[in-house]
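[1] Following is a predicted model, sequence given first.
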Amino acid sequence: MLVLAANPWSVSSVSRGLIMKTAVACLSALFAFAFIAQPVDAQTRIIRHPAETGQALTVYVPDGWTNTADPDNNLIIAAPTNAIAFSLSLVADEAGYTLDQFARSALDEAKAQAVTPTGEDMIPPFAGSRYAAKMDMNGMSLSLDMVIVKADDGKVASATMITGPQTTAEERAIGEMILRSVRIVR
């Protein structure tokens, strides 16, 4: 299983970029071993992150998928096939960046290519933006799909879906449903 090294939106922009690069590199390791897709269990469970009280992210995840918090409190979710993964973050906006600056800083430092804003989106109840990017890692072409919003209490939330070349159409559809289920709650 993967472990992300850090939170992509820590204090400095250099740290943010390096951390996101590490996060994407770690997630890409999931795809190196995914050669045979397995069916996804139809049962789901809800995960709250962070688990303690206060503002948090919730997401519906199919049974059989793994979830763990990395040392910097990002929630990492991975399919049993390792062909699709997510990173969810809720962090303080200490730098005062715009959503575009947050997204581009993290994706640029991660050496993602073709970073493209794809329009408005939301992590309910907050409106934000969505970005698509590509990344070559360990000889594989990965697709990144990030939804990012400014929440209340001076926080920024993001949900990033990463898919690899072995990701099936079914897994992509399930991934989009998981991405759509992310919410910010108190």
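    Structure received.
[2] drop to CA atoms for contacts and neighbour counts, all remaining ones
    Noted.
[3] all helices for this structure, in order.
    Counting by DSSP state H, the chain has helices at residues 13-32, 99-109, 169-181.
[4] I'd like to know how many residues surround Thr66.
    Counted with other Cα atoms under 10 Å, the neighbours of Thr66 add up to 16.
[5] circling back: if I average pLDDT within each of the helices of the chain, which one is lowest?
    Per-segment mean pLDDT for those reaches its minimum on helix 13-32, at a mean of 44.
[6] Tell me who's in contact with Arg172.
    Under the criterion of Cα atoms under 8 Å, 6 or more residues apart in numbering, the neighbours of Arg172 are 84, 163.
[7] just Pro124 next, same as before
    182-184.
[8] among those, which are in strands?
    Mapping these onto strands (DSSP state E) picks out 183-184.
[9] Make a markdown table out of the contacts of Pro124 and add pLDDT and distance to Thr163.
    Output for those, formatted as a markdown table (pLDDT from 0 to 100; distance: Cα to Cα, whole Å):
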| residue | pLDDT | distance to Thr163 |
| --- | --- | --- |
| Val182 | 97 | 17 |
| Arg183 | 97 | 21 |
| Ile184 | 96 | 23 |
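[10] Compare the contacts of Pro124 and tell me which is most surrounded.
    Val182 (23 neighbours).
[11] Is it correct that that residue is in contact with Val61?
    No - assessed by Cα atoms under 8 Å, Val182 is found out of contact with Val61, at 9.8 Å.
[12] Ala127 - how many residues pack around it?
    Neighbours of Ala127 using other Cα under 10 Å come to 14.
[13] what does Ser158 give?
    Based on other Cα under 10 Å, the number of other residues close to Ser158 is 27.
[14] Low-confidence bits of this protein, can you list those?
    1-42 (pLDDT under 70).
[15] can we see that at 50?
    1-23, 25-26, 28-41 (pLDDT under 50).
[16] Now do the strands in it.
    44-49, 56-62, 66-69, 75-78, 84-92, 113-123, 126-137, 140-150, 155-163, 183-185.
[17] Just send those back as JSON lines, with distance to Thr98 too.
    Output for the strands of the chain, formatted as JSON lines (distance: least, Cα to Cα, whole Å):
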{"stretch": "strand 44-49", "distance to Thr98": "23"}
{"stretch": "strand 56-62", "distance to Thr98": "20"}
{"stretch": "strand 66-69", "distance to Thr98": "26"}
{"stretch": "strand 75-78", "distance to Thr98": "23"}
{"stretch": "strand 84-92", "distance to Thr98": "13"}
{"stretch": "strand 113-123", "distance to Thr98": "13"}
{"stretch": "strand 126-137", "distance to Thr98": "10"}
{"stretch": "strand 140-150", "distance to Thr98": "9"}
{"stretch": "strand 155-163", "distance to Thr98": "10"}
{"stretch": "strand 183-185", "distance to Thr98": "19"}
